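A.B. asks: need a 3D model of the following:
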Amino acid sequence: MLPLDKQFAASIDHVSRALAEWTVSALYDRRPEFDTAYGASGRALWKSEIINRLQHLSEAVAADRAALFVQSVEWARAAFMARGFDVADLAESLEVLDETLRAEMPTQVAERTARIMAEGLRVARRAESPRDDSVMQTAFGCSGVDAARARLYLVHLLERHQPKAVEVLVDAVKSGRSVAEVYETVISPALAEVGRLWHINEATVADEHYVTTATQNAMAVLRTRLPQAPSNGRRVLAASVGGDLHDVGIRMVADLLESEGWQVDCLGANMPTGDLVEHAVDELGRPRFDLIAISASTALAVRSVASAIDALRAASPEHDLRIMVGGGPFALVPDLWQVVGADGCASCASDAVRVAKRISG
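C.D. replies: Numbers count the residues shown, from 1 in each chain. Just a heads-up that it's a prediction; the model follows:
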């Protein structure tokens, strides 16, 4: 990330609450009927919505990649529709936010945000039904045996039948699917689907948490069925960055690398940068690992990834640290791994094994 881009993003962060307050006030001045339409808690809900949009805008500005903001608008559009709100109100809120940014932010920052906001507004103003949006479509993809397994796995978990869900995974392995294939064609789509269902108000937070926890337990069962290659003498440190509470993806990567003979330290979710650096590099700046694998599940973790990479390289300036990244934002923006300063990017857990071999020398 360029220093000026990060500076622009920080300037938005510093006044985001004020920007949200001004935007909501202007929105309600323009649309006084919102007081009735959204009720007593409406202003607070709109302020929360605008703050969330500003958080995604900051990430997009820091990376200079509008897609990080546009995707958040697509998800907001789907959420509005699912909850019975008019998506035209979302578009109007973004119009007012754009006006507020132009009026209140320094010229250079306002010019950058205006370009990104314009792309988000195009999505918000789309004429087609929100039901046609990609985020409203099932995460299971095309039909087939694996899609059927993914659906059945999720149904069992939503019905709180964890043993039956595990049986689906074990049967898939017995039928000839590798653990990696089960991770990627059954578990990953099921997790994406429960997240989508929560977003469109068709699953609860409890559902999402249960499915995630049960999946971690199920993966422990599958882990015993992974083949184990002889040690290759290499070590990898794997973690999700600070602020990212999801670790199923990085655990999958750790499992497959361990199966390939790597010695793996998997530190899980929400790893603070300082602690990550302390574990990765000794007091003389020498790397303790041949590879560092860093995961980010949402766009809101992109700057955290960049900051972690910057800190790691600063702590070991005389050594060639090899860093691999992966996760949702990197799938969305193909060159984002270069923006954050990584050496490679994995599109999925099995791809991480291939990338790890290639970039670690």
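A.B. asks: only C-alpha atoms from now on, for both contacts and neighbour counts.
C.D. replies: Will do.
A.B. asks: helices of the stretch 51-200 of the chain, start to end?
C.D. replies: 67-82, 87-104, 107-124, 145-158, 162-174, 179-182, 188-199 (DSSP state H, counting those that start in this stretch).
A.B. asks: okay, these in TSV with distance to W22 next?
C.D. replies: Shown next, in TSV, are the helices of the stretch 51-200 of the chain (distance: least, C-alpha to C-alpha, whole Å):
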stretch	distance to W22
helix 67-82	20
helix 87-104	7
helix 107-124	16
helix 145-158	41
helix 162-174	48
helix 179-182	49
helix 188-199	27
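A.B. asks: in what helix or strand does the closest residue to L257 other than its chain neighbours lie?
C.D. replies: Distances taken as C-alpha to C-alpha, 6 or more residues apart in numbering put V353 closest to L257, at 5.9 Å, once the chain neighbours are dropped. Following DSSP states H and E, one finds V353 within helix 349-359.
A.B. asks: so what does that helix touch, helix or strand wise?
C.D. replies: helix 248-259, strand 344-346 (3 or more C-alpha pairs under 8 Å, 6 or more residues apart in numbering; DSSP states H and E).
A.B. asks: could you rerun that using 6 Å?
C.D. replies: Helix 349-359 is packed against helix 248-259, with contacts defined by 3 or more C-alpha pairs under 6 Å, 6 or more residues apart in numbering; DSSP states H and E.
A.B. asks: the helix it packs on to helix 349-359, inter-axis angle?
C.D. replies: Here helix 248-259 runs at an angle of 60 degrees relative to helix 349-359 (axes from the mean of the first three to the mean of the last three C-alpha atoms, to 10 degrees).
A.B. asks: give me phi/psi at the nearest residue to I294 once chain neighbours are set aside?
C.D. replies: Leaving aside its chain neighbours, I294 sits nearest to V325 (4.8 Å; criterion: C-alpha to C-alpha, 6+ apart). Dihedral angles of V325 (phi, psi; degrees, to the nearest 10) stand at phi -120, psi 170.
A.B. asks: pull the contacting residues for the spatially most central residue of the chain.
C.D. replies: Taking C-alpha atoms, centre = their mean, the centroid of the chain lies closest to T298, which sits 1.7 Å from it. Contacts for T298 (C-alpha atoms under 6 Å, 6 or more residues apart in numbering) come out as G328, P329.
A.B. asks: relative to H246, how far out is it?
C.D. replies: Note on T298: its distance to H246, by C-alpha to C-alpha, to the nearest Å, is 9 Å.
A.B. asks: same question for G261.
C.D. replies: 25 Å.
A.B. asks: also L94?
C.D. replies: According to C-alpha to C-alpha, L94 stands 29 Å off from H246.
A.B. asks: between the two, which one's more packed in?
C.D. replies: Using other C-alpha atoms under 10 Å, the more surrounded residue of L94 and H246 is L94, with 23 against 19.
A.B. asks: nearest spatial neighbour of the more buried one, skipping sequence neighbours?
C.D. replies: Distances taken as C-alpha to C-alpha, 6+ apart place L121 nearest to L94, at 6.7 Å, with adjacent residues excluded.
A.B. asks: what's the local residue count around the one you found?
C.D. replies: 19.
A.B. asks: next one: it from D98, what distance?
C.D. replies: 9 Å.
A.B. asks: and if you look at E258?
C.D. replies: 48 Å.
A.B. asks: for D335, same thing?
C.D. replies: D335 sits at a distance of 27 Å from D98 (criterion: C-alpha to C-alpha).
A.B. asks: swap in R358?
C.D. replies: R358 sits 44 Å away from D98, going by C-alpha to C-alpha.
A.B. asks: for C345, same thing?
C.D. replies: Separation of C345 from D98 (C-alpha to C-alpha): 33 Å.
A.B. asks: the two: who's more crowded?
C.D. replies: Shown here are C345 and D98; by other C-alpha under 10 Å, C345 has more neighbours (26 against 20).
A.B. asks: tell me, how many residues neighbour the nearest residue to that one once chain neighbours are set aside?
C.D. replies: Setting aside the residues directly before and after it, C345 is nearest to V325 in space (C-alpha to C-alpha, 6+ apart), at 4.9 Å. Other residues near V325 number 29, with proximity taken as other C-alpha under 10 Å.
A.B. asks: check contacts around V325.
C.D. replies: For V325, the contacting residues are A293, I294, S295, C345, by C-alpha under 6 Å, 6+ apart.
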